[in-house]
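Peer 1: Okay, predicted coordinates and the sequence, questions at the end:
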Amino acid sequence: MSTTTSRRFFLRKAAIGGGLLLVPGLAGAAGLLNPAAPRLTILHTNDWHSRIEPFPDDGGRNANQGGAVRRLRLIEQIRAAEPNVILLDSGDIFQGTPYFNFFAGELEMKLMTQMGYDAATIGNHDFDGGMENLVTQLKHADFPMLTANYDFKGTPLAGKTMDYQILERGGLKIGIFGLGIELDGLVPDDLFGNTKYQDPIDRGNTVAAMLRREKKCDLIICLSHLGYKYREDKVDDVKLAAASKDIDIILGGHTHTFLNEPTVVNNEQGDPVIVNQVGFGGLRLGRMDITFPGNSKRRCVACNNLRV
Amino acid sequence: MRNLLYIFLLLLGFGCRAPLSSPTVQPRFYSVSDKLEADQAGPQVQRMVSTIAPYKAQLDDKMNRQLATVKTPLKKGQPESTLGNWVADLFAQAAAGSFPDRNIVFATLNQGGIRVGEIGTGPLLVSEIYELMPFDNELVLMELNGKVFKEFISHIANDGGWPVSAGLSVISSGSGLDVKIGGKAIDPNQVYTIALPDYVANGGSNTSMLKELPKIKSGLLIRDLLIEYAEKITDPISIKVEGKRMKL
């Protein structure tokens, strides 16, 4: 990305409608107008909390909603209709149903692997079985856990996670990294041991700048488990977005926030950052269709990677 | 749809606020519901169902046991709620039963430790207690002097109110918090024994005032206690909140 041109991501109004509506409205239209325009479909979840089966049929608000098998059906249908799909999770995969109490997260990891997740970040509850347990369960996962601000040196998780991951889809380079919440006062000390929490804004800006400049990524996504928004000083996705420079999209978690459409926050340079979160319990699957302009005056230094 | 397309063409044509070089992001979300089961399942779906099956079979045996009957829905809320009061009272009962020689003045759980928004009417199953309290938190007692006791209660109040058992009364007024236990004001020189999860006792939910103080361990998981004591309930569960515990 050259420094002179803007990397604004222009957010359209959320598509609405009850049905599946697999063909995205406007992004699809842009693709039709310019077949060379690269398009990417991001699917995302957060805080699904071991909700393998739908919520119990108890007359409650979420009764019979959610469920991993249904999520897979949805993902399969979208994959059948779209060429470039990535699937991401923003943490708190574990804890919430007896599946975690009895099987320690093994089934959650197996199912996410079957759904084809590309990456996830670590939520505070993913420590609930201890760090050794997370290492054990990661053997059932064929996707990486990304976290750029937990330093696991001297813990069982050392070398088992990555700061970031770069995916290439349809000629686009997508840089994805993870940020985790402060563990002190939230997770029992013995569960996170010597894990060092580092400032998410510092680390986020450092990693995003590296992904943008050295790795020449076209799109930079932060998987965050910081939480959407707090009244107090505690860092959250909105504060992170405002203090960021190179992050395009923040897919959040932790606060179980149901956003009906993403929030746009201007970053340090006045460029919009898109912040989203889709509740909890696997009740929703979020989707963003991103269409890059296909005209020859591309603004990115990674252009030679593109089929133009 | 057609209108939106038209607007988009306009944007393309005149490039109003959307320069052509900007990637466009079209967001949406799907509700994961039973409507998704209308179509025939492919091999991937069948594979997932058979992956889950053996795990599910093991759980169903343990989880589908009925403990009691819920007559009116138990709902989570702050500062007081039907679910919070019910759980805190059941926890207090279990703590008293586990430590019969101690005079426990009240029991509490952190608000975030209650992991369901609601328990609906009908049979109360073991699985619902697991979802209510999934954590392997242990019942512990702490002996607090009046000063730390008040500090802890202020923290609970500042956090919007946690589930607390009957007997504690916290009323917020212009002059601060009026805290009473069994109708009596807090005596700074008295020692109060309280029941709580080890998570909170060890500094969780930002309870730094408790972290370094001694704990009396029970070796008992709160979830198992709640299951044990819920099973002793004979009448259908119907809780009314009177607002006597937390007025914030």
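Peer 2: Received, thanks.
Peer 1: Just the helices from chain B, written as ranges.
Peer 2: Along chain B, the segments classed as helices by DSSP state H run B:2-14, B:43-63, B:82-98, B:126-132, B:146-158, B:198-201, B:208-211, B:222-230.
Peer 1: And the longest one, what does it pack against?
Peer 2: For helix B:43-63, the packing partners by 3 or more CB pairs under 8 Å, 6 or more residues apart in numbering or on different chains; DSSP states H and E come out as helix A:68-81, helix A:98-103, helix A:106-115, helix B:126-132. (C-beta placed from N, C-alpha, C; glycine too.)
Peer 1: Mind putting the ones you listed into CSV with distance to A:Asn124 and mean pLDDT?
Peer 2: As requested, the helices and strands packed on helix B:43-63 are arranged in CSV below (distance: least, CB to CB, whole Å; pLDDT from 0 to 100):
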stretch, distance to A:Asn124, mean pLDDT
helix A:68-81, 21, 95
helix A:98-103, 14, 96
helix A:106-115, 15, 98
helix B:126-132, 18, 95
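Peer 1: returning to what we had before: I'd like the helices of chain B as JSON lines, with distance to A:Ala241 and mean neighbour count appended.
Peer 2: Converted to JSON lines, the helices of chain B look like this (distance: least, CB to CB, whole Å; neighbours: other CB atoms under 10 Å in any protein chain shown):
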{"stretch": "helix B:2-14", "distance to A:Ala241": "24", "mean neighbour count": "12"}
{"stretch": "helix B:43-63", "distance to A:Ala241": "35", "mean neighbour count": "14"}
{"stretch": "helix B:82-98", "distance to A:Ala241": "34", "mean neighbour count": "22"}
{"stretch": "helix B:126-132", "distance to A:Ala241": "33", "mean neighbour count": "22"}
{"stretch": "helix B:146-158", "distance to A:Ala241": "28", "mean neighbour count": "18"}
{"stretch": "helix B:198-201", "distance to A:Ala241": "31", "mean neighbour count": "23"}
{"stretch": "helix B:208-211", "distance to A:Ala241": "30", "mean neighbour count": "16"}
{"stretch": "helix B:222-230", "distance to A:Ala241": "38", "mean neighbour count": "21"}
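Peer 1: Out of those, flag the one nearest A:Thr257.
Peer 2: Of all the helices of chain B, helix B:126-132 sits nearest to A:Thr257, with 20.4 Å by CB to CB.
Peer 1: picking that back up, need the helices and strands packed on helix B:43-63 in a markdown table with distance to A:Asn276, can you?
Peer 2: Listed next are the helices and strands packed on helix B:43-63 as a markdown table, based on distance: least, CB to CB, whole Å:
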| stretch | distance to A:Asn276 |
| --- | --- |
| helix A:68-81 | 17 |
| helix A:98-103 | 25 |
| helix A:106-115 | 19 |
| helix B:126-132 | 26 |
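Peer 1: And the residue of chain B closest to chain A?
Peer 2: B:Gly120 (3.4 Å; CB to the nearest CB).
Peer 1: need the contact list for that residue.
Peer 2: By CB atoms under 8 Å, 6 or more residues apart in numbering or on different chains, the contact set of B:Gly120 is A:58-60, A:63, B:70, B:73.
Peer 1: Who are the contact partners of A:Glu261?
Peer 2: Contacts of A:Glu261 (CB under 8 Å, 6+ apart): A:13-14, B:27.
Peer 1: For these, pick the one with the most neighbours.
Peer 2: Highest neighbour count within the contacts of A:Glu261, by other CB atoms under 10 Å in any protein chain shown: B:Pro27, with 24 neighbours.
Peer 1: and it, bridged to which residues?
Peer 2: B:Pro27 has these beta-bridge partners by DSSP bridges: A:Met288.
Peer 1: and it, what does it touch?
Peer 2: Contacts here follow CB under 8 Å, 6+ apart; on that basis B:Pro27 touches A:11-12, A:14-15, A:261-262, A:274, A:276, A:286-288.
Peer 1: can you do 7 Å?
Peer 2: B:Pro27 makes contacts with A:11, A:14, A:261-262, A:276, A:287-288, as judged by CB atoms under 7 Å, 6 or more residues apart in numbering or on different chains.
Peer 1: how long is stretch A:167-183 end to end?
Peer 2: Taking CA to CA, to the nearest Å as the measure, stretch A:167-183 stretches 29 Å from start to finish.
Peer 1: Confidence-wise, which of the helices of chain B is weakest overall?
Peer 2: Sorting the helices of chain B by mean pLDDT places helix B:2-14 lowest, at a mean of 45.
Peer 1: Confirm A:Asp126 sits in a helix?
Peer 2: Yes. Checked against DSSP: H, G, I helix; E, B strand; the rest coil, A:Asp126 lies within a helix.
Peer 1: which non-adjacent residue is nearest it?
Peer 2: Spatial nearest neighbour of A:Asp126, chain neighbours left out: A:Phe94 (5.0 Å); criterion: CB to CB, 6 or more residues apart in numbering or on different chains.
Peer 1: Give me the distance between the one you found and A:Asp47.
Peer 2: Noted for A:Phe94: a distance of 10 Å to A:Asp47, by CB to CB, to the nearest Å.
Peer 1: How about A:Phe9?
Peer 2: With CB to CB as the criterion, A:Phe9 and A:Asp47 are 24 Å apart.
Peer 1: which of these two has more neighbours?
Peer 2: When A:Phe9 and A:Asp47 are compared for neighbours, A:Asp47 comes out ahead with 28 against 20, by other CB under 10 Å.
Peer 1: that's a helix at the more buried one, yeah?
Peer 2: No. Going by three-state DSSP, the assignment for A:Asp47 is coil, not a helix.
Peer 1: That one reaches A:Asp92, doesn't it?
Peer 2: Yes. The criterion here is CB atoms under 7 Å, and A:Asp47 meets it with A:Asp92 at 4.2 Å.
Peer 1: Give the residues shared as contacts by those two.
Peer 2: Common contacts of A:Asp47 and A:Asp92 (CB under 7 Å, 6+ apart): A:123, A:253-254.
Peer 1: I'd like these written out as JSON lines, with secondary structure and distance to chain B added.
Peer 2: Shown next, in JSON lines, are the shared contacts of A:Asp47 and A:Asp92 (DSSP: H, G, I helix; E, B strand; the rest coil; distance: CB to the nearest CB, whole Å):
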{"residue": "A:Gly123", "secondary structure": "coil", "distance to chain B": "13"}
{"residue": "A:Gly253", "secondary structure": "coil", "distance to chain B": "14"}
{"residue": "A:His254", "secondary structure": "coil", "distance to chain B": "11"}
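Peer 1: which of these are buried?
Peer 2: Taking 16 or more other CB atoms under 10 Å in any protein chain shown as the criterion, what is buried in the shared contacts of A:Asp47 and A:Asp92 is A:123, A:253-254.
Peer 1: what about B:Ala94, distance to B:Leu125?
Peer 2: The value you get for B:Ala94 to B:Leu125, if CB to CB is used, is 18 Å.
Peer 1: scratch that, A:Ser224
Peer 2: To B:Leu125, A:Ser224 is 35 Å away according to CB to CB.
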